[in-house]
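>>> Using only what follows, build the 3D model:
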Amino acid sequence: MLALERRNIIIKRLSEDGQIIVSPLAQEFNVSEETIRRDIEKLEMEGLATKTYGGAVSTNQRNKDLPYLIRKKANVNLKQKIAEQVASMIQDGDQIMLDASSTSIEVVKKIKNLENITLITNSLEILLELADKKGWTILSTGGSLREGAYSLSGSSAEKMVRDHHVDLAICSAKGIDERMGITESNEKDAEMKKAIFNAANKRILAIDSTKFNNLSFIKVCDIKDVDIVVTDKDPGATWKSIFKDANVKLEVYGEINENSSN
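Model prediction:
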């Protein structure tokens, strides 16, 4: 196992349990305790953990974002399932906007066989992925490069988005909560996602099952402000009822929730 993969698992444990202990992790990964301590030190330097005697505890992450390269490696299988479901909604000739999430890059990979797509994005990685794509119209939002991310944001990027109108907007988020709605870890990302959603006929939230009942730092929009939520597995009866009441269609990988509305 690569060090990055190991640290991703440690981050996930910290998020789920609030703490980790060095000794059992060393046994689980078949590495020395010193190796785990070095992992913790690196995560502490990045602001993702706080060392304690024998382990580490979680740092409050509501107003902090994980580095993009770490986020990109997290829950890849879930993102690919979601991307496949989202891709089935996109047709030749569509005009679409995508945010700079790691889920959006998976969507782009799934639709590269389509023709005559117009695509607007603030994602540098999507722009690079499509650099040699022929027959598409690909527009960058421009804007300021955000530190630690492969994304563009700021007032000029938001203006570019507001000046256009598309068929579909596809965004992910850090969390979805019954009371607070859809949330993000920082204001710049939240404002970009708001602008992208407001520029589309149909708004798709592509969010994996680990983000349900999570609350991040700043609100993007209410649940009722999106048209479709796409996820990798059934979120349960309570969430189905929430989406039905908000007139939001729920699509789960491999199935369509018949109880939800368009």
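
>>> which residue ranges form the helices in the chain?
Remark: helices assigned in the chain by DSSP state H are 3-17, 22-29, 33-45, 68-73, 76-87, 102-110, 124-129, 155-162, 187-198, 237-245.

>>> what bits of the protein have low per-residue confidence?
For the chain, applying pLDDT under 70 flags the ranges 53, 59-74, 256-262.

>>> give me that answer again for 50
When residues are selected by pLDDT under 50, those of the chain lie in 61-63, 257-262.

>>> OK, contacts around L139?
118-121, 160, 164 (C-beta atoms under 8 Å, 6 or more residues apart in numbering). In this view, the C-beta of every residue, glycine as well, is placed from N, C-alpha and C.

>>> Without its sequence neighbours, what residue ends up closest to G181?
Spatial nearest neighbour of G181, excluding adjacent residues (C-beta to C-beta, 6 or more residues apart in numbering): D222 at 4.3 Å.

>>> Against E147, how distant is the spatially most central residue of the chain?
Nearest residue to the geometric centre of the chain (C-alpha atoms, centre = their mean): S172, 4.1 Å. Distance, S172 to E147, using C-beta to C-beta, to the nearest Å: 20 Å.

>>> any chance of the helices of the chain in JSON lines, with mean neighbour count too?
Below are the helices of the chain laid out as JSON lines (neighbours: other C-beta atoms under 10 Å):
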{"stretch": "helix 3-17", "mean neighbour count": "16"}
{"stretch": "helix 22-29", "mean neighbour count": "15"}
{"stretch": "helix 33-45", "mean neighbour count": "17"}
{"stretch": "helix 68-73", "mean neighbour count": "17"}
{"stretch": "helix 76-87", "mean neighbour count": "20"}
{"stretch": "helix 102-110", "mean neighbour count": "22"}
{"stretch": "helix 124-129", "mean neighbour count": "18"}
{"stretch": "helix 155-162", "mean neighbour count": "17"}
{"stretch": "helix 187-198", "mean neighbour count": "22"}
{"stretch": "helix 237-245", "mean neighbour count": "15"}
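
>>> contacting residues around E251?
Contacts of E251 by C-beta under 8 Å, 6+ apart are 85, 228-231, 257.

>>> 6 Å instead?
Counting by C-beta atoms under 6 Å, 6 or more residues apart in numbering, E251 touches 85, 230.

>>> Who does it form a beta bridge with?
Beta-bridge partners for E251, by DSSP bridges, are V230, I256.

>>> ok, back up a step: tell me how many other residues surround the residue nearest to G181.
12 (other C-beta atoms under 10 Å).

>>> Tell me the spacing between it and M45.
On the measure of C-beta to C-beta, D222 and M45 end up 37 Å apart.

>>> now I96
In terms of C-beta to C-beta, I96 sits 38 Å off from M45.

>>> can you check R37 too?
Going from R37 to M45 by C-beta to C-beta gives 13 Å.

>>> And for E84?
36 Å.

>>> and what of I176?
Per C-beta to C-beta, I176 is found 30 Å from M45.

>>> ok, now D39?
In terms of C-beta to C-beta, D39 sits 11 Å off from M45.

>>> What are the neighbouring residues in contact with A200?
166, 168-169.

>>> Check the gap between the residue lying closest to K110 once chain neighbours are set aside and E106 for me.
Nearest residue to K110 in three dimensions, chain neighbours excluded: A87, at 3.6 Å (C-beta to C-beta, 6+ apart). Distance, A87 to E106, by C-beta to C-beta: 9 Å.

>>> now swap in G148 and tell me
Taken as C-beta to C-beta, the span from G148 to E106 is 20 Å.

>>> do K188 as well
22 Å.

>>> go on, S172?
From S172 to E106 the distance is 10 Å (C-beta to C-beta).

>>> Then I218?
I218 is 24 Å from E106, by C-beta to C-beta.

>>> Same question for V86.
V86 is 9 Å from E106, where distance means C-beta to C-beta.
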